[in-house]
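Novice: I'd like to go over a predicted model; first the sequence, then the structure.
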Amino acid sequence: MTLDAFTPRRQMLALIAVPVLLAAIYFGLLAADRYVSESTVVLRDDRASAPVLTGAASLLSALPGSAQLDTQVLREYMQSAVLAEAMERQLAVRRHFSGSRLDPTAHLAEGATREDYIAFFRDRVEAIYDERSQALKLHVQGLDAPFAQQLNQAVLAASEAFVNESSHKMARERLTFAEAELQRAAGLLEAAQGKVLAFQARHRLIDPTAQAGAASTVVAELSAAITKAETDLRALRSYLQDSAPQVVAARAQLAALRTQLDTERSRATARDGADKRLAVLALEFQGLKLQAQVAEDAYKAALAAVEAARLDATRRLSTLVIVEPPTLPESAQYPRRLYGMATVLACCLLLYAIVRLTVATIREHQD
């Protein structure tokens, strides 16, 4: 076939008239009306109203995640295979969309595979996330308005059940973890307190720190008494001989005070020998008491976390708030016939122009 056969009239007929006629037949006679039911939901995080915990309790009671992340998870669920199969069991989605056999874009074959059905469902159920308002806008298509609204309502009901179950599952897992931490903290506290009691029983001391303080007081008092005794002895020796009974008695008293002072100092600070002295015992006792105090604080934090987790397990952590309930459409939104016809005509005109330019270029080179 030569280029002479591609006359402008034939080109116009093949590239414009025939495609536009076929498009008119499809949009006018074959295309099935599709109605769209719209709704808007917001996922509210009720954990923001929970009592504020401090210290280690806040670490044990913290739950990861945010409203934005939870909303994204909900969006994925709305277009999941699990929800698609649940809607098929509840509303027979396959049978509804297999009613329009003339329109291939709206028709779902009766023998369609599971994968084909899930892909078809995702095309008909669209969840759009609005970052500004953190809301989900749900657009659900149906071959008639009541079914579109009914499917939208069913998707929202299933989504609300999913949110409740997910939040309660998280709360139960948190409660289990908090109870395990409480048992561990209780064991550590019992062990630390047992060490303190064993130390007191072994050394027969209630509080070595207090006794060491008392020993320091005794040493200070003995030092003061020795200073006074030395002063008195010097005063006596100033007018009495060393053999005088008063001088001998004062010297004996001073010697006794010094001996007692050395004994008290040895008890408080000496480290030689098998027996530990008060200073060493006081340091060990302080370490054991510190361990017991840390274990007690950890136990209190774990107990507060368990109470908070138990409270969360009995209430909703997240709530699906329906801002706009599913609408009942009055007119079909798809297919957009005028838009489709205009698009086909524009594409045909563009193709016609390209072909005319190509044919003209070839003829020019042939000449």
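Specialist: Received it, and whenever you're ready, just let me know what you need.

Novice: elements contacting the strand or helix carrying Thr176?
Specialist: Taking DSSP states H and E as the criterion, Thr176 maps to helix 145-203. Here helix 145-203 touches strand 35-45, helix 56-61, helix 67-78, helix 81-91, strand 135-142, helix 278-313, strand 318-324, going by 3 or more Cβ pairs under 8 Å, 6 or more residues apart in numbering; DSSP states H and E. Yep, even glycine has a C-beta here, placed from its N, CA and C like the rest.

Novice: give me the pLDDT for the residue located most distally from the centre of the chain.
Specialist: No residue in the chain sits farther from the centre than Gln241, which is 91.0 Å out by Cα atoms, centre = their mean. You'll see Gln241 listed with a pLDDT of 72.

Novice: backbone phi and psi for Ile128, please?
Specialist: phi -110, psi 130 (degrees, to the nearest 10).

Novice: please name the nearest non-neighbouring residue to it.
Specialist: Lys137 (4.5 Å; Cβ to Cβ, 6 or more residues apart in numbering).

Novice: so what's Ile128 up against?
Specialist: 136-139 (Cβ atoms under 8 Å, 6 or more residues apart in numbering).

Novice: so can I have TSV of those residues showing neighbour count and distance to Ala353?
Specialist: Output for the contacts of Ile128, formatted as TSV (neighbours: other Cβ atoms under 10 Å; distance: Cβ to Cβ, whole Å):
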residue	neighbour count	distance to Ala353
Leu136	23	44
Lys137	16	40
Leu138	22	42
His139	16	36
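
Novice: where does pLDDT dip in the stretch 201-350 of the chain?
Specialist: 208-216, 218-219, 264-279, 312-317 (pLDDT under 70).

Novice: let's see 90
Specialist: Low-confidence segments of the stretch 201-350 of the chain (pLDDT under 90): 201-293, 295-296, 299-321, 330-341, 344-345.

Novice: my read: Ala298 touches Ala186, true?
Specialist: No: the criterion here is Cβ atoms under 8 Å, and Ala298 misses it with Ala186 at 9.5 Å.

Novice: quick one: which of those two has more around it?
Specialist: Comparing Ala298 with Ala186 by other Cβ atoms under 10 Å, the one with more neighbours is Ala298, at 22 against 15.

Novice: how close does that one sit to Ala309?
Specialist: From Ala298 across to Ala309, the span is 16 Å (Cβ to Cβ, to the nearest Å).
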